[in-house]
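Engineer: Predicted model and sequence below, questions to follow.
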2 protein chains.
Amino acid sequence: MSLIVQKFGGSSVKDAQCIKRVAGIIAETYLEGNDVIVVLSAQGDTTDDLIAKAEEINPRASKREMDMLLSTGEQISVALCAMALEAMGLPCVSLTAWQVGIHSTGVHSDARIRKIDSERVRSELDQHHIVIVTGFQGIDRAGDVTTLGRGGSDTSAVALAAAFKADRCQIYTDVDGVYTTDPRIVPNARKLDEVSYDEMLELASQGAQVLHNRSVELAKKFHVHLEVLSSIVKKPGTIVKEVAKVEKTNIAGVAKDTSIACVALVGLQHNPGVAFQVFDLLSKSNINVDVILQSIGRDDSKDITFTVHRKDMDEAVRILEDHRDTLKFDHIQTDDGIGKVSIVGAGLMSNCGVAAKMFEALYEAGINIQMVNTSEIRVSVLLDEEDVNKAVKAIHAKFFDEL
Amino acid sequence: MSLIVQKFGGSSVKDAQCIKRVAGIIAETYLEGNDVIVVLSAQGDTTDDLIAKAEEINPRASKREMDMLLSTGEQISVALCAMALEAMGLPCVSLTAWQVGIHSTGVHSDARIRKIDSERVRSELDQHHIVIVTGFQGIDRAGDVTTLGRGGSDTSAVALAAAFKADRCQIYTDVDGVYTTDPRIVPNARKLDEVSYDEMLELASQGAQVLHNRSVELAKKFHVHLEVLSSIVKKPGTIVKEVAKVEKTNIAGVAKDTSIACVALVGLQHNPGVAFQVFDLLSKSNINVDVILQSIGRDDSKDITFTVHRKDMDEAVRILEDHRDTLKFDHIQTDDGIGKVSIVGAGLMSNCGVAAKMFEALYEAGINIQMVNTSEIRVSVLLDEEDVNKAVKAIHAKFFDEL
């Protein structure tokens, strides 16, 4: 007998029919003799509807009260799912984060899980009950409801799998696994049978929507056997684990991100620590910086170029302009018409041919590269936004079709 | 500085505009220098919408999961109300039943409050926060969510007022107080300035919709100064307290109930304890019996007639037929075309003229009385359902217009 954690997202529980289908998947797993912990998100549009209600009353409501409001969404899902399982005659119980004891930090709307109590869930599992838990939420030390921010339900599922040493953590979604690239751009994109935690992390951070980084980081830390699979079609998905079996191509996939913008500080004087100052200022305003490039400019001055999320561009510029006197730069250039394409694969950088092959694909497609950035298992290029899809196709073809 | 508990029902918080109006009432009370605990029901149709969602999935869902589902309704209300107060710049905090610590029995969908923890609410009041609490719900010993059944939010408000020794407990509703009878039937019905707990109890149990018995019982037990008033128009309501000032009429009001049915066991043999057996059987099936009449029939046999809620009539008959052999009766007669009209007033039975005056009013209106039932402060008559409104008008006119 195994313990399996199964997570279903908002689109998988969006109406009565979907909930019944989800209950069918859970029932099958349970009736095969497994213990099952289920984690659910709020139904389809519930969160948006609740946000609309709040905005009508107070567009600047506190995050504490927003969390109080939004956390009702998952509670509705778990109760309805329990009812669907009851209709099938299966023993089950729905539990909220406070009933389980999912303790989080107190940062409303972006809390981190601190620890999970075992008592209640363990007692329900001992009675062979299917346990259905609200995703996305926790309680802080004051006993207030928190929410975990983007990808929160994935994180809840992985955290529960870690806490109860589950044999598998299945993330059900509306695609059937992790692909070598976005199948909407490259129709012959291949589904990966396996991918390593590190590759999945890079794919997730480089724009693959299927799993959120935080859940993958947590899975890696606690060696959770993670599986991404479809809630619609019954077939094997993608397994995320420590070491994935090496593919002949050397790369796991091609990711793209078009939600970025480029900011350049031009004509910085050569005073030491200026880079630290720049990124310290941005970090204090919670602006995440991605690719950073520093180059020598004319007249012994230098330029620092970096990318941020597109929504943060204006604020980044405002913050830097506010510190023009201490930073001492000539002017700021911005570009929100760029995109990023990355290849990800274990051992990629130890195989020098791989980056060259990527650049070759881009050259052959006549695409100009603006910046390059690499990690141990990733090569990213910045390009004009309009070239992004063409680049994904060219690179994917180079690595996956020419074998 | 006083501590005031204010309760608003579902129609008072049904949309953004209503919530803002409620926030205005709360703000006014707070800004006058009072501590305020607010108790809210679920918004207008929320509960019905949630029930519809549940029925689509499982029409026979467990009460435990129904409570889990329905309790989200009040949580939405309290978060939205807090947001409205935040928009006015007022310090406030919304709390669910589990955050307050409203401990109840474990009878899902019909739980009773056992005790209320003081710590969290007291700490919020000490910081001069307006405390907004979910009505209608509690948590049981297992940490599961319960709901309190009909009139539950009134009961929550009175229980909080008792626990924190509030100076006043204001029940805001869509009428502006307790009336001598239903103003929809008798347009010149008078609003009562004061009414005693006992009179209010009889009025509530005899069909007045404005307060639920349980909340009045609790208010009486803990001497809670209760006030019923309008959330729409600002004017004095009705005060419910130990001894109301005596009205010249001797009666507080005329109530009606048309949700009843009459069941008669005809030709019962004279074996001792048969009445006990009948009502014990019904009580074990949670069927409440109201008016009971026992009479000698023909041939030395006797008849027992009683009223039940109309929805319970068929089941009562089924249960009694199942025990025909032990109960030994001839046959059962039922009538679901009846209604009950009551007059309520402190000291009513010590003033023999009052009952006579009621019967006189019915006689003058040509209305036939089927049964009579009395308590210390109430006289009820059973009539044809079609005579009920006419009877209310005639009795009200006799007591309130002829002075």
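Structural biologist: Received it, and whenever you're ready, just let me know what you need. Numbering: from 1, shown residues only, chains lettered A, B, ... in the order given.
Engineer: Mind listing the strands the helix or strand of chain A with the lowest mean pLDDT pairs with, and their directions?
Structural biologist: Ranked by mean pLDDT, DSSP states H and E, the weakest helix or strand in chain A is strand A:289-296, scoring a mean of 76. Partners of strand A:289-296 in the sheet, by DSSP bridges, are strand A:302-309 (antiparallel).
Engineer: After the strand it pairs with, which helix or strand is next?
Structural biologist: Sequence-wise, the next helix or strand downstream of strand A:302-309 (DSSP states H and E) is helix A:313-322.
Engineer: Report the angle between that following helix and strand A:289-296.
Structural biologist: Using axes from the mean of the first three to the mean of the last three CA atoms, to 10 degrees, the inter-axis angle of helix A:313-322 relative to strand A:289-296 is 40 degrees.
Engineer: which other helices and strands contact helix A:313-322?
Structural biologist: Other helices and strands packing on helix A:313-322, by 3 or more CB pairs under 8 Å, 6 or more residues apart in numbering or on different chains; DSSP states H and E, are strand A:260-268, helix A:274-284, strand A:331-335. Yep, even glycine has a C-beta here, placed from its N, CA and C like the rest.
Engineer: among these, which is nearest B:R112?
Structural biologist: Counting by CB to CB, B:R112 lies closest to helix A:274-284 out of these; the figure is 52.7 Å.
Engineer: Could you tell me which ranges of the stretch 101-250 of chain A sit under the pLDDT cut-off?
Structural biologist: Flagging of the stretch 101-250 of chain A using pLDDT under 70 yields the residue ranges A:205-209, A:244-250.
Engineer: Need the winner for burial among the helices and strands packed on helix A:313-322.
Structural biologist: Mean neighbours per residue, mean count of other CB atoms under 10 Å in any protein chain shown, is largest over those for strand A:260-268, with a mean of 20.
Engineer: Work out the gap between that one and the centre of the chain.
Structural biologist: Relative to its parent chain, strand A:260-268 has a centroid offset of 26 Å by CA atoms, centre = their mean, to the nearest Å.
Engineer: Sheet-wise, list the partners of it with their directions.
Structural biologist: Counting by DSSP bridges, strand A:260-268 is paired with strand A:302-309 (antiparallel), strand A:331-335 (antiparallel).
Engineer: And the helices in chain A, which stretches?
Structural biologist: Taking DSSP state H as the criterion, chain A carries its helices at A:16-31, A:46-57, A:63-87, A:97-100, A:119-126, A:152-163, A:197-205, A:213-221, A:274-284, A:313-322, A:324-327, A:353-364, A:388-396.
Engineer: Which among those helices is found nearest to B:G339?
Structural biologist: helix A:63-87 (37.1 Å).
Engineer: which parts of the closest one are buried?
Structural biologist: By 16 or more other CB atoms under 10 Å in any protein chain shown, the buried positions in helix A:63-87 come out as A:64-86.
Engineer: That one versus helix B:63-87: what angle between them?
Structural biologist: 160 degrees.
Engineer: could you give me the average pLDDT of helix A:63-87?
Structural biologist: Mean pLDDT, helix A:63-87: 97.
Engineer: got the angle between that helix and helix A:46-57?
Structural biologist: 140 degrees.
Engineer: picking that back up, next, the buried residues of the least confident helix or strand of chain A.
Structural biologist: A:V289, A:D290, A:V291, A:L293.
Engineer: Identify the residues contacting the residue lying closest to the first one once chain neighbours are set aside.
Structural biologist: With CB to CB, 6 or more residues apart in numbering or on different chains as the measure, A:F306 is the residue that lies nearest to A:V289, at 4.9 Å, once sequence neighbours are left out. For A:F306, the residues meeting the contact criterion (CB atoms under 8 Å, 6 or more residues apart in numbering or on different chains) are A:C262, A:V263, A:A264, A:F279, A:V289, A:D290, A:V291, A:I292, A:L293.
Engineer: Can you tell me which of these comes closest to A:S12?
Structural biologist: Closest to A:S12, out of all of the contacts of A:F306 and judged by CB to CB, is A:D290, at 30.7 Å.
Engineer: Quick check: closest non-adjacent residue to that closest one.
Structural biologist: Leaving out its chain neighbours, the residue that sits closest to A:D290 by CB to CB, 6+ apart is A:T307, at 4.6 Å.
Engineer: how close does the nearest residue to A:L281 once chain neighbours are set aside sit to A:S285?
Structural biologist: Of all residues not flanking A:L281 in the chain, A:I319 sits nearest, at 5.5 Å (CB to CB, 6+ apart). In this view, A:I319 and A:S285 are 6 Å apart by CB to CB, to the nearest Å.
Engineer: Between the two, which is the more surrounded one?
Structural biologist: A:I319 (16 against 11; other CB atoms under 10 Å in any protein chain shown).
Engineer: hang on, isn't the more buried one packed against A:S283?
Structural biologist: No - when contacts are counted by CB atoms under 8 Å, A:I319 is not listed as touching A:S283 (10.6 Å).
Engineer: and chain A, which residues reach chain B?
Structural biologist: A:16, A:19-20, A:50, A:53-54, A:56-58, A:60-62, A:64-66, A:68-69, A:71-72, A:75-76, A:78-80, A:82-84, A:86-87, A:93-94, A:96, A:98-99, A:120, A:143-144 (CB under 8 Å from any CB of the partner chain).
Engineer: pLDDT at A:A261, what is it?
Structural biologist: pLDDT, A:A261: 94.
Engineer: Repeat that for A:S380.
Structural biologist: Note on A:S380: pLDDT of 88.
Engineer: Wait, A:L348 touches A:R378, no?
Structural biologist: Yes - with contact defined as CB under 8 Å, A:L348 reaches A:R378; the gap is 6.8 Å.
Engineer: how far away is A:A264 from A:S295?
Structural biologist: 10 Å.
Engineer: shared neighbours of those two, which are they?
Structural biologist: A:D303, A:T305.
Engineer: which ones are touching the residue nearest to A:L281?
Structural biologist: By CB under 8 Å, 6+ apart, the neighbours of A:I319 are A:L281, A:L282, A:S285, A:I287.
Engineer: how about a cut-off of 7 Å?
Structural biologist: A:L281, A:L282, A:S285 (CB atoms under 7 Å, 6 or more residues apart in numbering or on different chains).
Engineer: who's in contact with the residue lying closest to A:Q75 once chain neighbours are set aside?
Structural biologist: Nearest residue to A:Q75 in three dimensions, chain neighbours excluded: B:T72, at 5.0 Å (CB to CB, 6+ apart). The contact partners of B:T72, taken as CB under 7 Å, 6+ apart, are A:T72, A:Q75, A:I76.
Engineer: For A:G151, which non-adjacent residue is spatially closest?
Structural biologist: A:H212 (2.2 Å).
Engineer: Can you pull the phi/psi pair for that neighbour?
Structural biologist: Dihedral angles of A:H212 (phi, psi; degrees, to the nearest 10) stand at phi -90, psi 140.
Engineer: What degree of burial does it show, as a neighbour count?
Structural biologist: Neighbourhood size, A:H212 [other CB under 10 Å]: 21.
Engineer: Now the stretch 251-400 of chain A against chain B: closest residue?
Structural biologist: A:N286 (22.1 Å; CB to the nearest CB).
Engineer: neighbours of that residue, just the number please.
Structural biologist: Neighbours around A:N286, by other CB under 10 Å: 9.
Engineer: Now do the buried residues in stretch A:340-360.
Structural biologist: Quick answer for stretch A:340-360 (16+ other CB under 10 Å): A:K340, A:V341, A:S342, A:I343, A:V344, A:G345, A:A346, A:L348, A:V354, A:A355, A:K357, A:M358.
Engineer: Over to stretch A:137-150 now: how far is its first residue from its last?
Structural biologist: End-to-end distance of stretch A:137-150 (CA to CA, to the nearest Å): 11 Å.
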